[in-house]
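*Asks:* After the sequence you'll find the predicted model.
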Amino acid sequence: MPEAASPAFPALPERSDTVVVGAGPGGLLAALRAAGPGRTVVVLDQGDDIDDRVRSRDTGTDEKRTITSGFGGAGLFSDGKLCLSHRIGSTIAHRFPAHEVGARQHAIDELLRGGEAAPLHGADQATARQLTERARELGLDYLHYPVRHIGSDQLVRMTTALRRRIEIAARIQCGVLCVDVRPANVDGYRWEVHVEAPGGKPVCLYAKNIVLAPGKIGASWLRMLGARLNLARAAAQPKLGFRLEGPRGMLDPLLAVATDPKVIWKAAAPRSEVRTHCVCYGGDVVPAAYQDLTLVGGHSTSDHAHDRTNTAVLATAGDDFPMTAGQARSFVKDINRRSGECVTAQRLGDFLTGTPTTCPVTEAASGFSPSIPDAAPGDLSALFPAPIVALLRDYLHRLAQLCPQVIRQDNMLYGPAVERWADRFEVTDTMQSPGHPGLYLVGDGPGLTGGIIGAADSGWLAGDAIAAASITAVAAS
């Protein structure tokens, strides 16, 4: 039975049409689209609600966890980029006509912004073609797509407005940890959802449908759940690297064309590549907690106020060094241990020569104010696998031919950064797990998307499928 009601934690409905686990973009859009007259939708998240997250960030309370967990998902304090293209941010978009994906993305863009203005970058196709050709001459691929840059400041306001809209149609409860999901057959309710309420009290909920949208922070939990439920999935293929930080104009030749440039180098070994990811112009590198690991992320506000710019640089060595999610986790854990659970920093010149950085970040960096002055100086070139280091060094020299400031010796590297360490789960076109009626998987956690728009689009599909099935069932009865 659900926990007794209290002012801090009102009783959750024991039976619901839909339970959504995770209040990031995927879960929120699924809840909004699944809700309707006579349908009970419950949204659960293990992290704090949006006001508490903002308060924790402003006071510096457990900042690493505040950034990655809670209402709004890990994207709440991100750079706030809305990537408007079927070519980016989704492993399922190719299943649908491009115009159909575009129409959903446009609707999601309007919904998330709620009337607020935000610039759209990357509309100049002529300059994009020029950059594409120049990159190709250097053996690089430039992936162009339009991006609406929101910034973490606007994104908080927009998410707050979205929360007010969703709470009219669905019950939202943060601070609730989903422990397990099991098949059930109780008066038409197909799933048991076992959660821990505040204080650790166990609660069992029943749902006709469950949407699992735990985000990247929940990828390892979802991997274990998938094994118990025998959900079809492919193993993760992680990318490992760092955040490169330098002067504000470090990436200007790219940013003149698009606000989130993806520059990709495919090395000789099969499935080997390095790429930029999530460029933060005038922004910050920030520590982020994923379970018990410390990683680095990036964000910037809409005014791009700082004298620095950063981007993630991520590599996979493919067949030369096939890395599993477990191995990536082990590398990160070892790096964290050596740094005292802090972010590790290395001067770029030291990384290129294999020399440990021993002086404080404030002395190692020049030409800009470093984002994390108290990061632990170290030697990422010795802590990363040798094939990854070789790829990263080669790529930096190639990227510098497009952006010469990239290779400044006094730029800083912060690590580790990891992407794509979620198993990629199989889903139907409605985001349902094959052979598991009423179980939907959306967003970054099941390895299906990367970013706000992609995650929201997958939630949209799941929510629409749930609503349509409910309407059909009512009509049949």
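*Replies:* Thanks, I have it.
*Asks:* Check the secondary structure at the residue nearest to H144 when sequence neighbours are not counted for me.
*Replies:* With C-beta to C-beta, 6 or more residues apart in numbering as the criterion, H144 has its nearest non-adjacent residue at 4.2 Å, and that residue is A128. C-beta coordinates here come from the backbone N, C-alpha and C atoms, glycine included. Three-state call for A128 (DSSP: H, G, I helix; E, B strand; the rest coil): helix.
*Asks:* Please name the residues that touch A128.
*Replies:* By C-beta atoms under 8 Å, 6 or more residues apart in numbering, the residues touching A128 are 122, 142, 144, 257-258.
*Asks:* one more time with 10 Å
*Replies:* By C-beta atoms under 10 Å, 6 or more residues apart in numbering, the residues touching A128 are 122, 142-146, 257-258, 261.
*Asks:* Quick one, grab the pLDDT at it.
*Replies:* The model reports A128 with a pLDDT of 91.
*Asks:* Check which helices and strands the helix or strand harbouring I335 is in contact with.
*Replies:* Using DSSP states H and E, I335 sits in helix 325-338. Packing partners of helix 325-338 (3 or more C-beta pairs under 10 Å, 6 or more residues apart in numbering; DSSP states H and E): helix 219-229, strand 239-247, strand 293-299, strand 344-347, strand 376-377, helix 380-383, strand 412-419.
*Asks:* The same query, at a cut-off of 6 Å, please.
*Replies:* Here helix 325-338 touches strand 412-419, going by 3 or more C-beta pairs under 6 Å, 6 or more residues apart in numbering; DSSP states H and E.
*Asks:* any idea of the mean pLDDT for stretch 336-352?
*Replies:* 97.
*Asks:* If you could redo that for stretch 20-34, that was the one I meant.
*Replies:* Average pLDDT, stretch 20-34: 97.
*Asks:* ok so, going back, what angle do the helix holding I335 and strand 239-247 make?
*Replies:* 50 degrees (axes from the mean of the first three to the mean of the last three C-alpha atoms, to 10 degrees).
*Asks:* Compute the inter-axis angle for helix 325-338 and helix 219-229.
*Replies:* With the same axes, to 10 degrees applied, the angle from helix 325-338 to helix 219-229 works out at 150 degrees.
*Asks:* what does helix 325-338 contact?
*Replies:* Defining contact as C-beta atoms under 6 Å, 6 or more residues apart in numbering, one finds that helix 325-338 is touched by 236, 238, 293-294, 344, 383, 416, 418, 421.
*Asks:* What's the ChimeraX syntax to select whichever of these are buried?
*Replies:* ChimeraX command restricting the contacts of helix 325-338 to the buried ones, with burial defined by 16 or more other C-beta atoms under 10 Å:
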select :236,238,293,294,344,383,416,418,421
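*Asks:* Report the mean confidence score over stretch 373-392.
*Replies:* Per-residue pLDDT over stretch 373-392 has a mean of 97.
*Asks:* start to end distance for it?
*Replies:* Chord length of stretch 373-392, first to last residue, is 23 Å (C-alpha to C-alpha, to the nearest Å).
*Asks:* if we can go back for a sec, any chance of TSV for the contacts of helix 325-338, columns distance to W460?
*Replies:* Formatted as TSV, the contacts of helix 325-338 follow (distance: C-beta to C-beta, whole Å):
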residue	distance to W460
A236	24
P238	27
L293	30
T294	33
T344	38
L383	40
P416	33
V418	27
W421	25
